[in-house]
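>>> here's my sequence, what's the structure:
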Amino acid sequence: MSADEQITLLPALDEPYEITETQIKNYQEKGHVLLRGVASASEVAAYEPIISQCVQRLNKQNKPLEERDTYGKAFIQIGNLWEKSEAVAKFSLARRFAKIAADLMGVDGVRMYHDQALFKEPYGGHTPWHQDQIYWPLDTDKTITLWMPLVPISEEVGSMTFASGSHSQGYINRMVISDESHKTLAQYIDGKGFEQWTYGAMAPGDATFHSGWTVHSAPGNPTDHMRKVMT
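So this is what the prediction gives:
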């Protein structure tokens, strides 16, 4: 079977996923929302090995965890996989995902700035507080991140933690993911009284969506299993 034939056989991910007005309102007020079963177990099972092989091929991180800084301990990070694999592009550019993003933001359509695989290694470190949009040269508040596990995520690993309502502040500061951003933004969250919210365990194909300005973090991985996430 040719590569083109294999790609054709992958799930199309075109069928719509219906979201409610309540979910849209929650996203717009809190800056984040959890949607269960955005992709089915069988759909994720078809794409997970392809994404994992792509990460393995492109990963250049070879230092042991204990020799890395906080950012390096947080995850293996591979960006723009869609440019390197037509099969991954079929996943990342899925019409279903784009329609959800557009509906949550209340816009007619979206374009993808980039995709990323974020694989948190066994016993990997936490991801410090940060805003995604400080990395994006986009003059709009209509930005959103989809965060989808490709493997089961247990309660002890959990989803990301969000500072609910923090997106309403827009740009806060230019701090990249670091010990400094974690400390400074934690003080900011406390000072503003933002509720910290996590969704706990997630199944493959569940997804969180959060605004580009929503301050968020993620706990470390205390398990011996790789936390495989595609964004």
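>>> what about the strands in this protein?
Taking DSSP state E, the strands of the chain run over residues 32-35, 76-79, 116-120, 127-130, 144-149, 161-163, 196-198, 207-211, 216-218, 227-230.
>>> output those as CSV; include the columns mean pLDDT and distance to residue 96.
In this view, the C-beta of every residue, glycine as well, is placed from N, C-alpha and C. As requested, the strands of the chain are arranged in CSV below (pLDDT from 0 to 100; distance: least, CB to CB, whole Å):
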stretch, mean pLDDT, distance to residue 96
strand 32-35, 98, 11
strand 76-79, 94, 22
strand 116-120, 96, 19
strand 127-130, 96, 26
strand 144-149, 98, 10
strand 161-163, 98, 23
strand 196-198, 97, 25
strand 207-211, 98, 10
strand 216-218, 97, 23
strand 227-230, 97, 14
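>>> reformat those strands as JSON lines; add mean neighbour count and distance to residue 23.
JSON lines is the format used below for the strands of the chain (neighbours: other CB atoms under 10 Å; distance: least, CB to CB, whole Å):
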{"stretch": "strand 32-35", "mean neighbour count": "23", "distance to residue 23": "6"}
{"stretch": "strand 76-79", "mean neighbour count": "18", "distance to residue 23": "28"}
{"stretch": "strand 116-120", "mean neighbour count": "22", "distance to residue 23": "24"}
{"stretch": "strand 127-130", "mean neighbour count": "23", "distance to residue 23": "25"}
{"stretch": "strand 144-149", "mean neighbour count": "21", "distance to residue 23": "13"}
{"stretch": "strand 161-163", "mean neighbour count": "24", "distance to residue 23": "15"}
{"stretch": "strand 196-198", "mean neighbour count": "16", "distance to residue 23": "15"}
{"stretch": "strand 207-211", "mean neighbour count": "25", "distance to residue 23": "9"}
{"stretch": "strand 216-218", "mean neighbour count": "25", "distance to residue 23": "18"}
{"stretch": "strand 227-230", "mean neighbour count": "24", "distance to residue 23": "21"}
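>>> redo these as JSON lines? Include distance to residue 66.
Shown next, in JSON lines, are the strands of the chain (distance: least, CB to CB, whole Å):
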{"stretch": "strand 32-35", "distance to residue 66": "32"}
{"stretch": "strand 76-79", "distance to residue 66": "16"}
{"stretch": "strand 116-120", "distance to residue 66": "16"}
{"stretch": "strand 127-130", "distance to residue 66": "18"}
{"stretch": "strand 144-149", "distance to residue 66": "26"}
{"stretch": "strand 161-163", "distance to residue 66": "25"}
{"stretch": "strand 196-198", "distance to residue 66": "27"}
{"stretch": "strand 207-211", "distance to residue 66": "30"}
{"stretch": "strand 216-218", "distance to residue 66": "20"}
{"stretch": "strand 227-230", "distance to residue 66": "19"}
